[in-house]
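S.K.: Here's a sequence, model it:
(4 chains)
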Protein chains: 2
Amino acid sequence: MATIKEVAKRAGVSVGTVSKVINHIEVKPKTKQAVELAIKELKYEPNIYARGLKVSRTHTIALILPTVWHPFYGELAYHIERYLRQNQYKMILCNSEGDYLTELAYLTMAKQNQVDGIITITYSDIESYIPPTIPLISIDRFFNEEIPYVSSDNFSGGALAAKHLDDVGCQSVCFVGHGSKKDNATRNRRKGFVDYCEKHQKCYQIFDDQGNHEAFQRNLELFLKNEVIEKSAIDGIFAVTDDYAFQVVDYLIQQGKRVPEDVQIIGFDGIKSSVTDEIKITTICQPIEEIAKRSVGGVIALINKQEVSHEVLLPVHLFQGKTTKG
Amino acid sequence: MATIKEVAKRAGVSVGTVSKVINHIEVKPKTKQAVELAIKELKYEPNIYARGLKVSRTHTIALILPTVWHPFYGELAYHIERYLRQNQYKMILCNSEGDYLTELAYLTMAKQNQVDGIITITYSDIESYIPPTIPLISIDRFFNEEIPYVSSDNFSGGALAAKHLDDVGCQSVCFVGHGSKKDNATRNRRKGFVDYCEKHQKCYQIFDDQGNHEAFQRNLELFLKNEVIEKSAIDGIFAVTDDYAFQVVDYLIQQGKRVPEDVQIIGFDGIKSSVTDEIKITTICQPIEEIAKRSVGGVIALINKQEVSHEVLLPVHLFQGKTTKG
DNA sequence: TTGTATGCGTTATCAC
DNA sequence: GTGATAACGCATACAA
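M.R.: Prediction:
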């Protein structure tokens, strides 16, 4: 691997001059030519570590999320990487799998100057470990007044879901969600849903189980069996994520219910498993690409010591699918 | 940010000693304690760039793939990141979107010592740009005798698909694929399929359109309409990927055909859109996790100048879903 | 066992 | 406009 010194020698100039050429600082056209020739001949590539040592900027940011193996996070990661790349940033991907130790390891990386900033979407309490000096943007999660976050307008989304079920004629609706204390996003969806129901005096129920994956599924099916299949007490369901909506749809159909004739169902997220895929259900769509864009813009602004708004709340919209009467 | 010097001063030792402690080289227990205390007090974090400059190892590898926003690549990326992390490596993710310029940019990164190695899954002709000095593992793609690759046993998979259609009673089968010149993987699936049919004197057809996404879909539907709907000349279809299998299933059902009663369909890949998702169709499953494991093992071995087998061919297996008569 | 000194490849600040 | 040189923070060979 050629170094800047060898380039300088070959071009018959000093290292300083070579450095100038590399960094696009004005030099005499003739010397510039000579240097560029030498660079080509020696196939010189600047060593990023030496440079990093000097300027302590890596042009790398870390993205921490539960797992990229999921339509929502996959799409988000895809767009974030794309926007970062457009801004000459590289992205280190971390699947935390919800493990806060893994997340902490990445915070440490940032402290070591391995990354210039972090975008995180987490449900762990890493708040107290985040040094105020690290440029960090949180997605979907409010930590404190210091840490900027970008999120969909989950409250309005929840209300919109309730309104839609109302509009399509549901008499007795239900919220289905996984009661996580940490997840502000889904909590707000529930709040919005409830708020609409209260204001419009809709009859509603809440299923908000806190168990793990298996327990949740078991309890959900028990609940549905009882309320929907046997008592027919519910004719409209708002599932807090599309994943849950699928579960609900699958179970009800398996139990002989018709969707949307007997029960109408609306989800949240608007997931597609790839760019060519299609949204499968009626759902509240998050503006994933916009979330990505704002997050990237946010970290880069933070890195450049610019002002960043503490809260960015992005509008959602309804996608009319086949699980409600359109 | 504290440096090694400040730690040394505070601990009353020299920088060399501090360095030894950090790198787990034997020192007197007492001095070790003192140093560790100082490190804690000053919240010292080693600067990775200074270290990188010395040892030129970054413990970072780049993963280049078309897009992480897809169940197959998403799962692959997930596992690769996991294995890398287990080996104290970080992963830079690059969605090339099939653009070879983007891919080249990452090769350059490797040359600049920004990454220690590369795992790539590409359909571009980047072959001539890969410097032989860069540790690189190719997935699903044979480049040349120098570059090691890991892949599913696509040929056997294709044959297995044909055999399965044969076993479940199909009389006249068909291969559906996107004829890419670069994609050895899918080509071998086709070869395996044809090989089985020839050997067992099965009647078969090939649909291997080369158009872009829209053209392909249009032509595929034309073909299916003609051969399946009108002529009923096909009762078993092997789609070269699950994505295509879904397309085929959707179209045929929309056209009034029953699956698997009228037409049986088998895909390839075994994709699930998340860890909790389920495989939806009969398909040939790739051992995605094993591919990830071998790829990671491969690059790390290359980085450590160990021998790596040029070809790793991993066995596939049949998943019996509801699109064939089990 | 520990300290000292050198150099890794760059950038940036000076003189010239 | 260009060249010399001092950092940047660390690892390491060698000296003590």
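
S.K.: and the gap between the residue positioned nearest the centre of chain A and A:T283?
M.R.: In chain A, the residue lying closest to the centroid (C-alpha atoms, centre = their mean) is A:L76, at 4.9 Å. Distance, A:L76 to A:T283, using C-beta to C-beta, to the nearest Å: 16 Å. From N, CA and C alone the C-beta is placed, and that goes for glycine too.

S.K.: neighbouring contacts of the helix or strand where A:E214 lies?
M.R.: Element membership for A:E214, per DSSP states H and E: helix A:213-224. By C-beta atoms under 8 Å, 6 or more residues apart in numbering or on different chains, the surrounding residues in contact with helix A:213-224 are A:176, A:178, A:207, A:209, A:211, A:244, A:247-248, A:251-252, A:255, B:276.

S.K.: Pick out the lowest-pLDDT one from those residues.
M.R.: Minimum pLDDT across the contacts of helix A:213-224 is recorded for A:G211, with 86.

S.K.: need the contact list for that residue.
M.R.: A:218-219.

S.K.: helix, strand or coil for it?
M.R.: What DSSP: H, G, I helix; E, B strand; the rest coil gives for A:G211 is coil.

S.K.: what about A:I265, which helix or strand?
M.R.: If you go by DSSP H and E, A:I265 is part of strand A:264-269.

S.K.: can you give me how far that strand is from the chain middle?
M.R.: Centroid separation for strand A:264-269 versus its chain: 19 Å, with C-alpha atoms, centre = their mean, to the nearest Å.

S.K.: would the residue nearest to the centre of chain A count as being in a strand?
M.R.: No: according to three-state DSSP, A:L76 belongs to no strand; its state is helix.

S.K.: Counting neighbours, what do you get for the closest residue to it other than its chain neighbours?
M.R.: In this structure, A:L76 finds its nearest non-sequential neighbour in A:I288, 5.5 Å apart by C-beta to C-beta, 6 or more residues apart in numbering or on different chains. Per other C-beta atoms under 10 Å in any protein chain shown, the neighbour tally for A:I288 reads 24.

S.K.: got it, and A:A161?
M.R.: A:A161, neighbours per other C-beta under 10 Å, totals 30.

S.K.: cool, and the one 10 residues further on?
M.R.: Each residue near A:Q171 was counted by other C-beta under 10 Å, and the total is 12.

S.K.: Quickly note the distance from it to A:Q264.
M.R.: For A:Q171, the distance to A:Q264 (C-beta to C-beta) stands at 11 Å.

S.K.: any common contacting residues for the two?
M.R.: Common contacts of A:Q171 and A:Q264 (C-beta under 8 Å, 6+ apart): A:235-236.

S.K.: Cross the contacts of helix A:213-224 against strands and list the overlap.
M.R.: Counted as lying in strands by DSSP state E, out of the contacts of helix A:213-224, are A:176, A:178, A:207, A:209.

S.K.: follow-up on the earlier one: residues in contact with the strand holding A:I265?
M.R.: Strand A:264-269 is contacted from outside by A:72, A:157-158, A:161, A:164-165, A:168-170, A:189, A:235-246, A:248-249, A:252, A:259, A:281-286, A:323-325, using C-beta under 8 Å, 6+ apart.

S.K.: let's go with 7 Å and repeat that
M.R.: Applying C-beta atoms under 7 Å, 6 or more residues apart in numbering or on different chains, the contact partners of strand A:264-269 are A:72, A:157, A:161, A:164-165, A:168, A:170, A:189, A:235-242, A:245, A:248-249, A:259, A:281-284, A:286, A:323-325.

S.K.: Please convert the buried members of those into PyMOL selection syntax.
M.R.: Selection of the buried residues among the contacts of strand A:264-269 in PyMOL, burial being defined by 16 or more other C-beta atoms under 10 Å in any protein chain shown:
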select buried, chain A and resi 72+157+161+164+165+168+170+189+235+236+237+238+239+240+241+242+245+248+249+259+281+282+283+284+286+323+324
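
S.K.: so which of the contacts of strand A:264-269 are also by DNA strand C?
M.R.: For DNA strand C, no contacts are drawn from the contacts of strand A:264-269 by C-beta under 7 Å from any atom of the strand.

S.K.: Which of the contacts of strand A:264-269 fall in helices?
M.R.: Per DSSP state H, helices hold the following members of the contacts of strand A:264-269: A:72, A:157, A:161, A:164-165, A:189, A:242, A:245, A:248-249.

S.K.: which bits of the stretch 51-200 of chain A sit near DNA strand D?
M.R.: Counting by C-beta under 7 Å from any atom of the strand, the stretch 51-200 of chain A comes close to DNA strand D at A:53-54.

S.K.: Please list the residues of the stretch 51-200 of chain A that sit near DNA strand C.
M.R.: So the stretch 51-200 of chain A meets DNA strand C at A:51, A:53-55 (C-beta under 7 Å from any atom of the strand).

S.K.: hang on, A:T186 is in a helix, isn't it?
M.R.: Yes: under three-state DSSP, A:T186 sits within a helix.
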